[in-house]
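Trainee: quick one, structure for this:
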Amino acid sequence: MRGAGVRLFLAATIFAATVAASKSGAIIIPVEGLKASDLVDSWSKTRAEGRLHRAIDIQAPLGTPVLAAMDGRIEKLFTSKRGGLTIYQRSADGRLILYYAHLQGYRRGLAEGQAVERGQVIATVGASGNADPAFPHLHFQIMETVPGSGWQDGEPVNPYPLLTGRRARP
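Mentor: The predicted model follows:
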């Protein structure tokens, strides 16, 4: 295979993987009412102290429901100086950690170890931690990991292409 044939083969392979992921309900946009065209790729933007942003920020009004982006289990409910009120969720297969930050609040009854389903409300959009109060948003990060690893362990993956259908789930 050469040139156009290779490109066609790769495009077909990527399309098949994307369709398989969408049929399995692998991942959805984690803020209620938003669509792919509402998202902005803020991955790798510079932050304070020269840090690179290894997530995307999804702007939404304060109090907008935050949804579990995929089936899984709540690994950790945590408050930090940078992230504010946060949730770490492990995917059902154990290979991904989803990090939701700058939350206003958790859904009543949400607890560590609890199973959650894709689309289930888990929190609300806020501006906690080091977020600008004039810019409420969900800081959303995905990390590839291995089953059984710590809730904070993993290699960040840009969620933007996954949420916009430009790439299938890792």
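
Trainee: low-confidence regions, the chain specifically.
Mentor: Applying pLDDT under 70 to the chain flags residues 1-25, 44-51, 53, 166-170.

Trainee: now do stretch 91-98: distance to the chain's middle.
Mentor: Relative to the chain's own centre, stretch 91-98 is displaced by 11 Å; criterion: Cα atoms, centre = their mean, to the nearest Å.

Trainee: would you mind listing the buried residues in it?
Mentor: By neighbour count with 16 or more other Cβ atoms under 10 Å, stretch 91-98 contains the buried residues 91, 92, 95, 96, 97, 98. Quick note: C-beta positions are derived from backbone N, CA and C, even for glycine.

Trainee: all strands of the protein, in order?
Mentor: In the chain, the segments counted as strands under DSSP state E are 56-59, 65-67, 72-80, 84-91, 96-106, 115-116, 121-125, 137-144, 155-157.

Trainee: now render these as CSV, adding distance to residue 31.
Mentor: Listed next are the strands of the chain as CSV, based on distance: least, Cβ to Cβ, whole Å:
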stretch, distance to residue 31
strand 56-59, 5
strand 65-67, 6
strand 72-80, 17
strand 84-91, 13
strand 96-106, 10
strand 115-116, 15
strand 121-125, 6
strand 137-144, 5
strand 155-157, 19
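
Trainee: out of the buried residues of stretch 91-98, which comes closest to residue 156?
Mentor: Proximity of the buried residues of stretch 91-98 to residue 156 (Cβ to Cβ) peaks at residue 97, which lies at 9.6 Å.

Trainee: I'd say the closest one and residue 145 touch.
Mentor: Yes. Proximity of residue 97 to residue 145 meets the contact threshold set by Cβ atoms under 8 Å, at 5.3 Å.

Trainee: intersection of neighbour lists for those two?
Mentor: Residues touching both residue 97 and residue 145 (Cβ atoms under 8 Å, 6 or more residues apart in numbering): 90, 153, 154.

Trainee: now do the phi/psi pair for the last one.
Mentor: Reported as degrees, to the nearest 10, the phi and psi values for residue 154 are phi 160, psi 170.
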